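Peer 1: Sequence and predicted structure are below.
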Amino acid sequence: MSTPLGLDPDELVACVACGLCLPHCPTYRVTNLEIASPRGRIAAMRAVEQGVVPLDGVFVRAMEECVQCRGCEAACPSGVPFGHLMEGARAALASQPIADARRSPLARRATERVALSWVLTRHRVLLTLTWLLWAAQHVHLVPRRLGVPRLRAADLRTPLTAPSGDATADAWLFTGCVMDAWQRGVHRAALEVLGAVGVRASRPGPGGDCCGALHVHSGRRDEARKLARRVIDSMPGTAPIVVDAAGCGAALRDYGHLLGTEEAAAFAARVRDFSEYAVSQGAAEHLVATGERVVVQDPCHLRHVQKAHPAVRDLLGRAYRLAETADDGLCCGAGGAYSVQQPALAQSIRARKAGALREAGADADTVVCSANPGCTFHLAAAGFVVEHPAELAARALSREPVSRPT
Amino acid sequence: MLDHLLADLANAMGPDRARAEPLELALYARDAGVQAGAAAAVCFPRHADDVAAAVAAARRHGVPFVARGSGTGLAGGATPMEEPLVIVTTQMNRVLDIDVASRRAWVEPGVLNLDLSRAVAPYGLHYAPDPSSQQACTIGGNVATNAGGPHCLASGVTAAHVLAVDVVLPDATTARLGGLAPDTPGYDLRGVFVGSEGTMGIATKIAVRLQPNPPTVRTLLLDFTAIDDAAATVSAIIAAGVLPAALEMMDAEITRAVEDFVGAGYPRDADAVLLVELDGLADGVAADVAAVSDLAMAHGARNVRVAADEAERQLLWKGRKSAFGAIARIAPDYYLHDAVVPRTQLVTVLREVYAIADECALTMMNVFHAGDGNLHPLIVFDARVPGVWERVHEAGNRILTACIRAGGVLSGEHGVGLEKRDLMPLLFSPDDLALQGRLVDAFDPDGLANPAKVLPAGSRCGEIGRRPVPEGAWI
């Protein structure tokens, strides 16, 4: 029997409504409303699936307000696969027309469609638009609050030194779409750190750009599957796939689930977060103490999904004086495109995070470390100085010649 | 009528503060218990005046009302019955004042239990009652249920930590119950209110006692291959004159479920484990650790593990406090009892409880405050299986009857709410219940405050037309 959302009933009943997820949900923390909580969203999915309430604009909004940070999943004693449920609900909503004035405005949905289908997936278009954005920034036409980082012509002009599509390399460095256009400096730093420990890295071959994470989040699963297949083909062999964007890394690690093939599962098993891989190659021993203080911010998809956040401390702990926030790793509100789609909630969530960061010592001179471009842009727009662990590691690299441990 | 109520509420509290969308109402139809009700409307006050206005509006339209915090209650205390207005206090969540010298704080009802302890941690203080849901539950809800928690063994339950409560009474007037003086003169209405489960009004501001953090804390994990041995150890520890800060038991199945979640190193092959926390001055704690270890070994413990550091201790506690939530790893539904039995009867009652579950062909597990004799027999099941509910009810009634026969009571800390209401006659005579009914009537003569809770039908005046739990209300 088909249901309005087609969700897995066994995944849905796994929630016993204990409520232990509530304080770990960023939208619940700023609204204190059941409808903006993981438990409430699951109950809403159940109610719609059982036909108790209509699939209306209230439901759509409840689903769209979720950041998909998956903090609730890490907090759930019963292991409810909330991320899969939410992705399933979004996919079902994306495939059916819901006429309701309370849905997000048509203009925003149209922009989202153009961005997701025509820009992110075509890397040349994205780079061209990035040049236009650079020009606009140059004449001060881009407000800071949009969160676009300061683009540098030199970065955009200069390609990465690593070869492309080299299947003989020790590791692949996945370069992504927005990350390559707006934060190529992070890739450069990652390559520098890997080079310092003797790892020869290659960029993906053709098609290895957009990972499809934002498409999955928006319910565009078919497009995401196409992109996943393209990404898998771009990095053949058995070499580890190093990802320096936490959101992309989480998406790549989920390809087995997304595509449901053995090939995809094998690919996913090769994925490593940059810090994780760098530590495994002994990079931490090549850093020297800087005495600098750094406040660590864990991107949700690094902490709650990949659970690779301890590696950031392992990598940087020797070189920097690391400070932790006291907010249980609550989301910052960036959430991929969330900060654009739900600006009001995203800003409330960020205000909470900003408080926690400042309490941990983040100020104009103290860097916040974040391993995900979305969080970086979102926090930078609030005035924080944000750097990627790869950039911090590269800055602390010992200038002594080193050889790779055998 | 509903439109008028909503208009009145919006007028008093601001637009969008009261709503009645079907989806949103559905989300407030139950708490963490198993029974669902149905709300007429839901509103979100921001301060005491809003609460008073909401209660006044509900009265004006003859609509009952029920207060709700985080909805983590396990007895249906916040489940809306008789189509009430649900008054959600979660947005009233400010810690208003911390008086470090007097070790007390004024808080709003929506403050989360753990957030309060975190707010006072910089002063070396904490709020002692720590229900397993402490990261999510509200102080207002704790007051309503007179909540307990593992650390209430030595410190006492919520009632011992609430000095005063500002309340909106069911007639929409306000009052302060109790006071900051050590022993407020006159009748102890604060004591009456704490644990009244929303039937006597709604707390809008609470003065709580804060405790200094103990200088030394040691947490022990005792591992047993026979549940009888674990139960006997509990009784022996208290009999030996040791009063642990907490003394918790988990049986085999729940230990495995919890270990799957936390990976704290709980033994998967144990028949039962005890978690014992000892605190105080270093020398005394060291002596207690030795005494408890010796007693455990003498009673057949396989192993005694002392948490090496704070991280290990926290992980062990995270496991214990996640137990109910971890149940879905075994089956999607659970029905939880909260009976208390004399500690000396633990071995006998536990045996009987497991036997009842076997006879009813149900999976039963136990995770409980052993030091208090506060059992939490959990019947786990899949509600989608036809006929299972009848067996769950039968087993529940038999378990409670056995506990009461052994000299126990039917609720330790979760409250009576909806789920245990009809079991009250097992414990109280009609005269006892009528006296309790007269007390509630004094606060709420019209029966509008959280109706159909705590006392079974017929215990109060003015109950004409009160409906029993409607068919299909059980999920």
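Peer 2: Happy to help now that I have it.
Peer 1: Quick check: B:R343 touching B:H369?
Peer 2: No - the criterion here is CB atoms under 8 Å, and B:R343 misses it with B:H369 at 10.6 Å. Placement of C-beta: from N, CA and C, glycine included.
Peer 1: More neighbours: the two, which one.
Peer 2: B:H369 (24 against 20; other CB atoms under 10 Å in any protein chain shown).
Peer 1: List the residues that contact the most centrally placed residue in chain B.
Peer 2: Taking CA atoms, centre = their mean, the centroid of chain B lies closest to B:H414, which sits 3.2 Å from it. Neighbouring residues of B:H414 by CB atoms under 8 Å, 6 or more residues apart in numbering or on different chains: B:73-75, B:145, B:147, B:336, B:338.
Peer 1: And the pLDDT at it?
Peer 2: pLDDT for B:H414: 90.
Peer 1: Okay, it and B:L375: tell me how far apart.
Peer 2: Computed as CB to CB, to the nearest Å, the B:H414 to B:L375 distance reads 12 Å.
Peer 1: what touches both of these two?
Peer 2: Common neighbours of B:H414 and B:L375, using CB under 8 Å, 6+ apart, are B:D338.
Peer 1: what sits against the closest residue in space to B:G141 that isn't next to it in sequence?
Peer 2: Leaving aside its sequence neighbours, B:G141 sits nearest to B:G69 (CB to CB, 6 or more residues apart in numbering or on different chains; 3.6 Å). B:G69 makes contacts with B:78, B:88-90, B:109-110, B:137-138, B:140-141, B:144, as judged by CB under 8 Å, 6+ apart.
Peer 1: taking those one by one, which sit in strands?
Peer 2: Among the contacts of B:G69, the members found in strands (DSSP state E) are B:V88.
Peer 1: Enumerate every residue touching the closest residue to B:D130 other than its chain neighbours.
Peer 2: Leaving out its chain neighbours, the residue that sits closest to B:D130 by CB to CB, 6+ apart is B:G149, at 3.9 Å. By CB under 8 Å, 6+ apart, the contact set of B:G149 is B:129-132, B:134, B:157, B:369, B:413.
Peer 1: at 7 Å what do you get?
Peer 2: Contacts here follow CB atoms under 7 Å, 6 or more residues apart in numbering or on different chains; on that basis B:G149 touches B:129-132, B:134.
Peer 1: Please, a ChimeraX command that selects the buried ones among those?
Peer 2: Filtering these down to the buried ones (16 or more other CB atoms under 10 Å in any protein chain shown) takes a single ChimeraX command:
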select /B:129,130,131,132,134
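Peer 1: Centre of the chain to the worst-scoring helix or strand of chain B on mean pLDDT, how far?
Peer 2: Using mean pLDDT, DSSP states H and E, strand B:333-336 stands out as the lowest-scoring helix or strand of chain B, at a mean of 87. Offset of strand B:333-336 from its chain centre (CA atoms, centre = their mean, to the nearest Å): 15 Å.
Peer 1: which residues sit against it?
Peer 2: By CB under 7 Å, 6+ apart, the residues outside strand B:333-336 that reach it are A:16, B:34, B:74, B:324, B:327, B:376, B:378-383, B:392, B:396.
Peer 1: run the last query once more with 6 Å
Peer 2: Residues outside strand B:333-336 that contact it (CB atoms under 6 Å, 6 or more residues apart in numbering or on different chains): B:34, B:74, B:327, B:376, B:378-381, B:383, B:392.
Peer 1: Same question for stretch B:307-322.
Peer 2: The set of residues external to stretch B:307-322 that reach it, using CB under 6 Å, 6+ apart, is A:77, B:132, B:219, B:248, B:258, B:261-262, B:264, B:266, B:275.
Peer 1: For it, list the C-alpha coordinates in PDB.
Peer 2: Output in PDB follows, covering the C-alpha atoms of stretch B:307-322 (Å, rounded to 0.1, in the frame of the first residue of the first chain):
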ATOM      1  CA  ALA B 307      35.400   4.600  36.600                       C
ATOM      2  CA  ALA B 308      38.900   5.900  36.000                       C
ATOM      3  CA  ASP B 309      38.000   9.500  35.200                       C
ATOM      4  CA  GLU B 310      35.200  11.900  34.700                       C
ATOM      5  CA  ALA B 311      34.800  11.000  31.000                       C
ATOM      6  CA  GLU B 312      34.300   7.300  31.800                       C
ATOM      7  CA  ARG B 313      31.900   8.200  34.600                       C
ATOM      8  CA  GLN B 314      29.800  10.400  32.300                       C
ATOM      9  CA  LEU B 315      29.700   7.600  29.700                       C
ATOM     10  CA  LEU B 316      28.400   5.100  32.200                       C
ATOM     11  CA  TRP B 317      25.700   7.600  33.300                       C
ATOM     12  CA  LYS B 318      24.800   8.400  29.700                       C
ATOM     13  CA  GLY B 319      24.100   4.700  29.300                       C
ATOM     14  CA  ARG B 320      21.900   4.500  32.300                       C
ATOM     15  CA  LYS B 321      20.000   7.600  31.500                       C
ATOM     16  CA  SER B 322      19.400   6.600  27.900                       C
END
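Peer 1: from the middle of its chain, how far away would that stretch be?
Peer 2: Distance, stretch centre to chain centre, for stretch B:307-322: 21 Å (CA atoms, centre = their mean).
Peer 1: Helix or strand for A:D314, just tell me which one.
Peer 2: helix A:310-316 (DSSP states H and E).
Peer 1: Quick one: list the elements packing against the next helix or strand after that helix.
Peer 2: Using DSSP H and E, the helix or strand that follows helix A:310-316 in sequence is strand A:321-324. Under the contact definition 3 or more CB pairs under 6 Å, 6 or more residues apart in numbering or on different chains; DSSP states H and E, strand A:321-324 sits against strand A:293-296.
Peer 1: which of the residues in the strand it packs on are buried?
Peer 2: A:293-296.
Peer 1: Check the gap between the residue lying closest to A:Q137 once chain neighbours are set aside and chain B for me.
Peer 2: Leaving out its chain neighbours, the residue that sits closest to A:Q137 by CB to CB, 6+ apart is A:L151, at 5.8 Å. According to CB to the nearest CB, to the nearest Å, A:L151 stands 40 Å off from chain B.
Peer 1: How is A:L151 assigned, secondary-structure-wise?
Peer 2: At A:L151 the chain is in coil, as set by DSSP: H, G, I helix; E, B strand; the rest coil.
Peer 1: Quick check: the gap between it and B:G417.
Peer 2: In terms of CB to CB, A:L151 sits 59 Å off from B:G417.
Peer 1: Just want to know which of those two has more residues nearby.
Peer 2: Between A:L151 and B:G417, counted using other CB under 10 Å, the more crowded position is B:G417 (26 against 20).
Peer 1: Now A:A354: which helix or strand?
Peer 2: Going by DSSP H and E, A:A354 is part of helix A:343-359.
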